[in-house]
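# return a 3D structure for these sequence lines:
(one chain, ligands or ions: 1)
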Amino acid sequence: MKRFLPLTLVLLIGCHEHRCKQSEPAAPVKPPAKPAPEPYEPDQGVYGKSTRGQDLKWYRVGNAGPKVLITACIHGNEPYSEKTVSAFMEKLRKDPPKNRRVYIVPIVSPDSYPNSREVDGVDPNRNWDAAQPITPIKALQDFFLKMNFQAAMSCHTGAGGGWFYPYGNKNDLCPDDAAYQQMFKDMSATQQQPYYTKRACEMYGHPIHGSELDWYYAHGAIALVTELKTKNDVDNIYDAFKVFIDQAPQLKSKQRSSESLTGETLTPEDSMIQTDTVNNVAKELKTQIHVHYTAEPETTGQSWCVSIDAKDQNYNPVFGHANTAEQALLNALTRYIKHQKATIDNLTPKNQVKEAVAA
Ligand SMILES: [Zn+2]
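Sure, this is the predicted structure:
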């Protein structure tokens, strides 16, 4: 099934001139300013707050290349997943990947840690398709979209020693089934006690809805659930995790590369218009803007979700929804501009942005 078309535009605007220069008489042409050095990239941070105000923390190992997300303790009462993932992270720090950035979220649901499967009154691993997900899930979704992860793994305990893969919400084989099988072969080959593999829909003998796994996969990441053992199993999983980190971002996810459900695709001309529009906004606000396109009609009832984030915003993407990709982008940009309290009158193409404001 066709579902997804992400396109990322990254625009770097290095404008260091002050506005007053515009009114000065013509000066000799200066060589362009040297680009600013890359800001220091922290190796840990916070992507939000839980309902009870606890920090939602991430850690990173590796500082270049595709991004992989590993989460644990979405079910607070599975503390061994946090322990195993943290031990994995410590080991990985001594042996960091050359061309991967591995982001680790050891506790997705701190408010229920270590006592309860439910948090905020729901099973957080059946809440991902909700119109308004609970606070810690919404924060993790925003973090995922912001970071544009290409692979993701959700760690659990309770079904000792297995890998689960899409789909959870239907009995069909996912379009990447063969690629998953090949990866599992390579992962198992590293294990003293190989893990079993199953589709998540087979776990309970019927499909399950609203899982972290399906959401990541629907958003373009090769995704797995790892059912860890409730004992120190780090030596048994370490190399298998490394195979996942290495291979999963390279798999051409068929979800990721396919066209949208509506059949709408971006033509080169569309992309140019959008690039110009984003470019103008970025230039005007002297910032750097990343744009992510997601086709997800089931979630919003509209064909496109565009999230944008800018250099000056910390893990707070701005979203726009519409039935065309371009309108969704304009809606997102308009929100962002309002957020920045900037005037839209100076922007071009003016008619498009004004239309977006009216929408
Ligand atoms: Zn669990």
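# hang on, isn't residue 308 packed against residue 318?
Yes. Using CB atoms under 8 Å, residue 308 is in contact with residue 318, at 5.4 Å. Quick note: C-beta positions are derived from backbone N, CA and C, even for glycine.
# joint contacts of those two?
In terms of CB atoms under 8 Å, 6 or more residues apart in numbering, residue 308 and residue 318 are both contacted by the residues 332, 336.
# residues in the chain within reach of the ion, list them.
Applying CB under 5 Å from the ion, we find that the chain lies next to the ion at 75, 78, 156.
# how far away is the first one from residue 157?
Residue 75 sits at a distance of 8 Å from residue 157 (criterion: CB to CB, to the nearest Å).
# which residues are in contact with each of the two?
Taking CB under 8 Å, 6+ apart as the contact rule, the neighbours common to residue 75 and residue 157 are residue 81.
# before we move on, back to that, who wins for neighbours among the residues of the chain next to the ion?
Tallying neighbours with other CB atoms under 10 Å puts residue 75 at the head of these, with 25 neighbours.
# you'd agree it is in a strand?
No. Residue 75: not assigned to a strand; according to DSSP: H, G, I helix; E, B strand; the rest coil it is coil.
# right, and residue 100 touches residue 69 too?
No. Between residue 100 and residue 69 there is no contact under CB under 8 Å: 11.3 Å.
# adding pLDDT, write the residues of the chain next to the ion out as CSV.
Output for the residues of the chain next to the ion, formatted as CSV (pLDDT from 0 to 100):
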residue, pLDDT
75, 97
78, 95
156, 97
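# can you put those in a markdown table and add distance to residue 283?
As requested, those are exported to a markdown table (distance: CB to CB, whole Å):
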| residue | distance to residue 283 |
| --- | --- |
| 75 | 46 |
| 78 | 48 |
| 156 | 46 |
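# can you name the residue of the stretch 101-250 of the chain nearest the ion?
residue 156 (3.3 Å; CB to the ion).
# what about the strand or helix carrying that residue, distance to the chain center?
Following DSSP states H and E, one finds residue 156 within strand 151-157. Computed by CA atoms, centre = their mean, to the nearest Å, the chain-centroid distance of strand 151-157 equals 14 Å.
# and if you look at stretch 146-165?
Relative to the chain's own centre, stretch 146-165 is displaced by 14 Å; criterion: CA atoms, centre = their mean.
# for stretch 90-109, same thing?
With CA atoms, centre = their mean, you get 16 Å for stretch 90-109.
# in it, what's buried?
By 16 or more other CB atoms under 10 Å, the buried positions in stretch 90-109 come out as 92, 97, 100, 101, 102, 103, 104, 105, 106, 107, 108, 109.
# CA-only coordinates of it in CSV, if you can.
Below are the C-alpha coordinates for stretch 90-109, written out as CSV (Å, rounded to 0.1, in the frame of the first residue of the first chain):
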residue,chain,number,x,y,z
GLU,A,90,27.8,2.3,27.9
LYS,A,91,29.4,-0.4,25.9
LEU,A,92,28.8,1.5,22.6
ARG,A,93,30.4,4.6,24.0
LYS,A,94,33.7,2.7,24.2
ASP,A,95,33.2,1.6,20.6
PRO,A,96,31.2,4.4,18.9
PRO,A,97,29.9,3.8,15.4
LYS,A,98,31.8,5.7,12.7
ASN,A,99,28.9,6.7,10.5
ARG,A,100,25.8,6.5,12.7
ARG,A,101,24.2,8.7,15.3
VAL,A,102,22.4,6.5,17.8
TYR,A,103,19.9,8.3,20.0
ILE,A,104,18.8,6.4,23.1
VAL,A,105,15.7,7.1,25.2
PRO,A,106,16.1,4.8,28.2
ILE,A,107,12.7,5.7,29.8
VAL,A,108,9.8,6.8,27.5
SER,A,109,7.3,6.7,30.4
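# average pLDDT across that stretch?
For stretch 90-109, mean pLDDT is 95.
# that concludes my questions; thank you for your assistance.
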